[in-house]
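S.K.: Give me a model of this one.
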Amino acid sequence: MKLLFYMFLLLVSSNIFSQNNESRKEKLKAMKVAFITEKLDLSSDEAQKFWPIYNEFDKAREGLMKERKSLMKSGKDETIVLSDKEAELLADNFVKYELAEAKLMEDYHAKFKKVLSPQKLIKLYQSERQFKNHLLRQLGEGKGNQMHGRHNASEFEE
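M.R.: Numbers count the residues shown, from 1 in each chain. Here you go, the predicted structure:
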């Protein structure tokens with residue numbers, strides 16, 4: 001059953017990079033939910049308590065990433081020369097967003113602890129990292145094109 005799940009996940013993920021941005025985001029979210037669900041093996045009761053908290057966390061984290069990305073774009077244009085004051089402000093804001101993300105993680109860690117066992121909490125953090133690493137490897141291998149070669153469940157492991 002797990003092999004079938006991973007094959008499905010790989011098939012869907014190989015097509016995601018050819019989709020439009022909004023469609024891609026939705027498919028990635030669905031893949032992530034399926035992957036985390038599989039890894040955590042949540043009971044019905046755990047799932048009812050966990051997913052609203054996780055979705056809230058993910059939305060807040062996404063908001064922070066959008067803000068940081070927007071901020072960093074302003075310093076990325078090589079044709080614009082920043083004054084020392086502007087560069088300092090940009091660097092300070094980058095650190096501010098990193099700290100805000102760490103604080104968000106700390107806050108939600110406490111919330112997750114209320115609904116997940118310590119073992120499942122560790123699995124959550126590991127599965128998020130595994131999913132992200134898988135997507136990064138896929139991008140590196142395929143450069144947005146169809147994946148080549150054989151793939152199996154071990155790809156999600158580090």
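S.K.: Quickly find the element holding Thr37.
M.R.: Element membership for Thr37 (DSSP states H and E) is helix 21-40.
S.K.: so after that helix, what's the next helix or strand?
M.R.: helix 44-76.
S.K.: tell me the angle that following helix makes with helix 21-40.
M.R.: Comparing the axes of helix 44-76 and helix 21-40 via axes from the mean of the first three to the mean of the last three CA atoms, to 10 degrees yields an angle of 140 degrees.
S.K.: Can you mark which positions in helix 44-76 are buried?
M.R.: 49-51, 54, 57-58, 68, 71, 75 (16 or more other CB atoms under 10 Å). C-beta: built from backbone N, CA, C; applies to glycine.
S.K.: Run the angle between the following helix or strand past it and helix 44-76 for me.
M.R.: Remark: after helix 44-76, the chain's next helix or strand is helix 84-115, criterion DSSP H and E. Put simply, helix 84-115 runs at 180 degrees to helix 44-76, going by the same axes, to 10 degrees.
S.K.: Summarise which helices and strands the helix or strand that helix 84-115 is followed by is packed against.
M.R.: Counting by DSSP H and E, the element after helix 84-115 in chain order, helix or strand, is helix 118-142. With contacts taken as 3 or more CB pairs under 8 Å, 6 or more residues apart in numbering; DSSP states H and E, helix 118-142 sits against helix 2-16, helix 21-40, helix 84-115.
S.K.: Out of these, which is closest to Glu128?
M.R.: helix 21-40 (7.1 Å; CB to CB).
S.K.: who does that closest one touch, helix- and strand-wise?
M.R.: Counting contacts by 3+ CB pairs under 8 Å, 6+ apart, helix 21-40 is packed against helix 2-16, helix 44-76, helix 118-142.
S.K.: Export the ones you listed as TSV, with columns for distance to Val33.
M.R.: Shown next, in TSV, are the helices and strands packed on helix 21-40 (distance: least, CB to CB, whole Å):
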stretch	distance to Val33
helix 2-16	11
helix 44-76	8
helix 118-142	10
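S.K.: Include mean pLDDT and distance to Glu88 when you put those into a markdown table, please.
M.R.: Output for the helices and strands packed on helix 21-40, formatted as a markdown table (pLDDT from 0 to 100; distance: least, CB to CB, whole Å):
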| stretch | mean pLDDT | distance to Glu88 |
| --- | --- | --- |
| helix 2-16 | 46 | 39 |
| helix 44-76 | 88 | 11 |
| helix 118-142 | 91 | 31 |
